[in-house]
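Asker: Here is the input, now give the coordinates:
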Amino acid sequence: EYIIVRCAVQRCSIHQVIQANVARKFVCKICNEKQSFVAVLASSESARDLRPVVQELNLKHGMAREAAPPPQPVSRPVPAARPEPATNTAAWD
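Answerer: Residues are numbered from 1 along each chain as shown. From the prediction side, this is the model:
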């Protein structure tokens, strides 16, 4: 049996067809992250039946990503500069 799953990694989030397994785990073909099935979106005895569905899901996801405004940069406080330790410039006798 083949199933459609979506990668849970935020930067990837791609839909893909994988062969179902007992362990309910898979490695994303794009980001190479090992993860568990969160949801099975569709299933079939043939991967060929699921490929057009995956292509449509990824196309819609890509279009939605492009239409969304770009994320705003997170402003992080700049750490204060540490004072340099005082050095003793006096000559040792």
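Asker: quick one, helices of the protein?
Answerer: 47-67 (DSSP state H).
Asker: where does it dip in pLDDT?
Answerer: Filtered on pLDDT under 70, the chain yields the residue ranges 70-71, 78, 80-81, 83-93.
Asker: Do you have the strands of it handy? List them.
Answerer: Taking DSSP state E, the strands of the chain run over residues 2-6, 15-19, 25-27, 34-36, 42-44.
Asker: strand partners of the fourth one, parallel vs antiparallel please.
Answerer: When you say that, I think you mean strand 34-36. Strand pairing for strand 34-36, determined by DSSP bridges: strand 25-27 (antiparallel).
Asker: list the buried ones in the partner strand?
Answerer: Going by neighbour count (16 or more other C-beta atoms under 10 Å), the buried part of strand 25-27 is F26. Where C-beta positions appear, they are placed from N, C-alpha and C, glycine not excepted.
Asker: What of stretch 36-55?
Answerer: Quick answer for stretch 36-55 (16+ other C-beta under 10 Å): 37, 50, 54.
Asker: Now tabulate these in TSV and tack on distance to K29.
Answerer: Shown next, in TSV, are those (distance: C-beta to C-beta, whole Å):
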residue	distance to K29
F37	15
L50	14
V54	11
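Asker: wait, what's in contact with V40?
Answerer: Contact analysis of V40 by C-beta atoms under 8 Å, 6 or more residues apart in numbering lists 3-5, 20.
Asker: Which of those residues are buried? Put it as a ChimeraX command.
Answerer: Buried subset of those, written as a ChimeraX selection, criterion 16+ other C-beta under 10 Å:
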select :3,4,5
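Asker: that older thread, right, and the strands of the chain - which one's nearest R76?
Answerer: Among the strands of the chain, strand 34-36 comes nearest to R76, with 28.6 Å by C-beta to C-beta.
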